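Asks: This is a predicted model, with the sequence first.
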Amino acid sequence: MSTNDTGFAVLQAPTQAATGPQPKNTRPTEGTDPPTYDQMSLKTYIFGALMVLLAILGTSVWLLAPYASPMLTVFLYSIPANCAISLFPHEPVLVDYGTAGLNIWGIALAATLGTLAAGFIDYKVFAPVLNLKRSADRYRDKNSYARANHWFYKTPFLTLAVAGFSPIPFFPFKFLVFASKYPLPKYLAALALGRFPRYCLLTLAGYHFNPPTWLVLATFGVMLLLVYFRKILELSRKLVVRLAGKANPKTAEQPDLKVYSAAMVFKSAVKAVRNIRSGRPLCVSLEVTHNCTANCLHCDKGPVVEDHPVGPDVYQKICQDLDPTLVQIAGGEPLMRDDLADIVRSVHRPGRPPFIAIITNGSLLTREKYLELREAGANQFSISIDFPDARHDKWRRIPGLFDHLSELVPKLVAMGHGDIVLNACFHRANYRLLPEIAVLAKAWGTKLNLSPYTDLRTNNKTLNLRHPADTEELDEIITSLYAPGGGSETVMTSEVVMRRFNDFYKTGFTPGCQAGQRYLVVNPDGTMTPCAMHTKTRYHSQEELLEKFVKNNQCGECFISSRANTEKSFRELLIDNLRFVSMSKESGRRAG
């Protein structure tokens, strides 16, 4: 420690060097031992528990018997409301007592004395057991802390008084007092100078404006919610994890590669709400190439084309700007890109959305490539399947493809990551085989996603299920598939969504398309299109797409899986994604 000309000692922490102007003579002398930081102890938790009990007691008296002993109630309540962990807000309480016409100066003085008691207790009891290094690491990069640090080291007493009077957050200044060992008498004097007039104004405001009790209580509730918002989110996340079931413990044979967890689903759900409100997409499909190893009868990709592909850095910037919940990496056949792992890495954000799914026909997929892409950050591999046997080869025009998948998929599933999904596009040529494809998925130990064919890209209308006989039969197949024991335990697509698919086939039109807003496609050259069906007109930003396409979009001529999934209600999104996590873990357990 050393003492400067302002009269307070400065903690010689490495975090202070880059936080703004420093007072003179605060460098440690040679031979000084480095600072130590006390860890959270039993004393810390006892102190916290006492503050919680005091806050509950004060709140209860305020709500149930506010006028029994108002001065004492305000004094006691002000201690936990102004301690280092600031449990409850003080503003609504003072406003409420002001509405009662009590002694304004007495109420303000009682609140000030409670605040001084909190400051004394913080300084003598709580601050010595704080982990100041951890706090510094947490707060030093925040703008509020940087500004507080700047003014505190210039004029500490005046800064504390002004901060105590103003509505700005006071904790950064408390932290600076604790970290610098600012003299206790000066700290308490600054608190009194700043807080007393603040409390007088709050009580006067209650007396003058006389807000109704319901408004005071609502304000109290909102302020509590703001304070504990992150904690509520954390508790909600834990509840979601519990509802989804515990993850299967890793065995020594399993590589250290984590399945996309229920916690991440919860984070994705929160992001989905934010994206819907802000107009950002839920899903972005990166079509990294329009070339393909297959030449499927229901698809327009296959022949070699010059698609002018951009590099991983461009996809990274696009995804950072759009900030989606889900990124599909598709094509064409994405595994034709030699830099596919780099693309995945550029999009991956450890511990945070987006969920990254690779859509592939599997012809170039190997165990080694699978592990490389998982390590790069891929969360799911969606492998196309059209038929439950060698007819798949003829449809895809890749000889031996079904045998390759029959050998590869079970081996990948056996690794226990639960990240393999079969993806079947159903149409007139294969819709009667959906139960058999579901059986195949179960035999391979994986999950199955279903999506209806549309002719917008191929103009091949013969594959549509537009005849009443077809849609009636599909209704029966859906009923049978989702009946108990019908095979739907491996099907990710919900029965509700399957009914919507068939409703689309019955009418040929589903209004309310949100392509370009909830979902969009990024082409190999980095341009954007609203969906995989509208590829001729391209845009250079989502803003341009929204202005030139979305505003006038009246399309309803498809209802593919990407549209159906991104246009679900929030409740459906959460339930279906939790079901997906549960199915993934079950797949991993069966493999184990």
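Replies: Now that the structure is in, tell me what you want to look at.
Asks: looking at the protein, which helix or strand does the model trust least?
Replies: Lowest by mean pLDDT, DSSP states H and E among the helices and strands of the chain is helix 132-139, with a mean of 50.
Asks: can you tell me how far Gly206 sits from Leu113?
Replies: Per C-beta to C-beta, to the nearest Å, Gly206 is found 19 Å from Leu113. From N, CA and C alone the C-beta is placed, and that goes for glycine too.
Asks: Domain map for this structure?
Replies: Per the record, the chain has its domains at 14-25+35-213, 269-570+584-591, by automatic domain parsing.
Asks: Show me where the stretch 101-250 of the chain dips below the pLDDT cut-off.
Replies: By pLDDT under 70, the weakly predicted segments of the stretch 101-250 of the chain are 126-151, 153, 227-250.
Asks: quick one: the helices in the stretch 251-400 of the chain?
Replies: 262-278, 312-322, 340-347, 367-376, 391-396 (DSSP state H, counting those that start in this stretch).
Asks: just the angle between the first one and helix 312-322, please?
Replies: Note on geometry: by axes from the mean of the first three to the mean of the last three C-alpha atoms, to 10 degrees, helix 262-278 and helix 312-322 are set 70 degrees apart in direction.
Asks: Check the third one too.
Replies: Relative orientation of helix 340-347 with respect to helix 312-322: 30 degrees, computed using the same axes, to 10 degrees.
Asks: Just the C-alpha atoms of helix 340-347, please, in PDB.
Replies: C-alpha atoms of helix 340-347 as PDB (Å, rounded to 0.1, in the frame of the first residue of the first chain):
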ATOM      1  CA  LEU A 340     -15.900 -26.000 -44.800                       C
ATOM      2  CA  ALA A 341     -14.300 -26.500 -41.300                       C
ATOM      3  CA  ASP A 342     -13.000 -22.900 -41.500                       C
ATOM      4  CA  ILE A 343     -16.500 -21.700 -42.400                       C
ATOM      5  CA  VAL A 344     -18.000 -23.500 -39.300                       C
ATOM      6  CA  ARG A 345     -15.300 -22.000 -37.100                       C
ATOM      7  CA  SER A 346     -16.000 -18.600 -38.400                       C
ATOM      8  CA  VAL A 347     -19.700 -18.800 -37.400                       C
END
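Asks: what's that helix packed up against?
Replies: Packing partners of helix 340-347 (3 or more C-beta pairs under 8 Å, 6 or more residues apart in numbering; DSSP states H and E): helix 312-322, strand 326-330, strand 355-360, helix 367-376.
Asks: And the ones you listed: which comes nearest Asp342?
Replies: The closest of the helices and strands packed on helix 340-347 to Asp342 is helix 312-322. By C-beta to C-beta, the value is 4.4 Å.
Asks: buried sites along the closest one?
Replies: For helix 312-322, burial by neighbour count (16 or more other C-beta atoms under 10 Å) applies to Pro312, Tyr315, Gln316, Ile318, Cys319, Leu322.
Asks: Give me the contacts around stretch 429-442.
Replies: Under the criterion C-beta atoms under 8 Å, 6 or more residues apart in numbering, residues 297-298, 385-388, 395, 422, 424, 426, 447-448, 450, 463, 465, 470, 473-474, 477, 480-481, 486-491 lie in contact with stretch 429-442.
Asks: Just the buried residues from these, in ChimeraX please.
Replies: Per 16+ other C-beta under 10 Å, the buried members of the contacts of stretch 429-442 correspond to this ChimeraX selection:
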select :297,298,385,386,387,388,395,422,424,426,447,448,450,463,465,470,474,477,481,487,488,490,491
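Asks: Next step: the contacts of stretch 429-442 restricted to helices.
Replies: Trp395, Asp470, Glu473, Leu474, Ile477, Ser480, Leu481 (DSSP state H).
Asks: wait, what's in contact with the fourth one?
Replies: For Leu474, the set of contacting residues under the criterion of C-beta under 8 Å, 6+ apart consists of Tyr431, Leu465, Asn502, Tyr505.
Asks: mind redoing it with 10 Å?
Replies: The contact partners of Leu474, by C-beta atoms under 10 Å, 6 or more residues apart in numbering, come to Phe426, Tyr431, Arg432, Leu434, Pro452, Leu465, Met498, Arg499, Phe501, Asn502, Tyr505, Lys506.
Asks: Just the ones in strands from those, please.
Replies: Judged by DSSP state E, strands contain the following of the contacts of Leu474: Phe426, Pro452.
Asks: Quick one: the contacts of Leu474 as TSV, columns for distance to Pro80 and pLDDT too.
Replies: Listed next are those as TSV, based on distance: C-beta to C-beta, whole Å; pLDDT from 0 to 100:
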residue	distance to Pro80	pLDDT
Phe426	61	96
Tyr431	64	97
Arg432	68	97
Leu434	61	97
Pro452	59	94
Leu465	65	92
Met498	54	96
Arg499	54	95
Phe501	56	95
Asn502	59	95
Tyr505	62	93
Lys506	62	94
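Asks: Sweet, I'm off.
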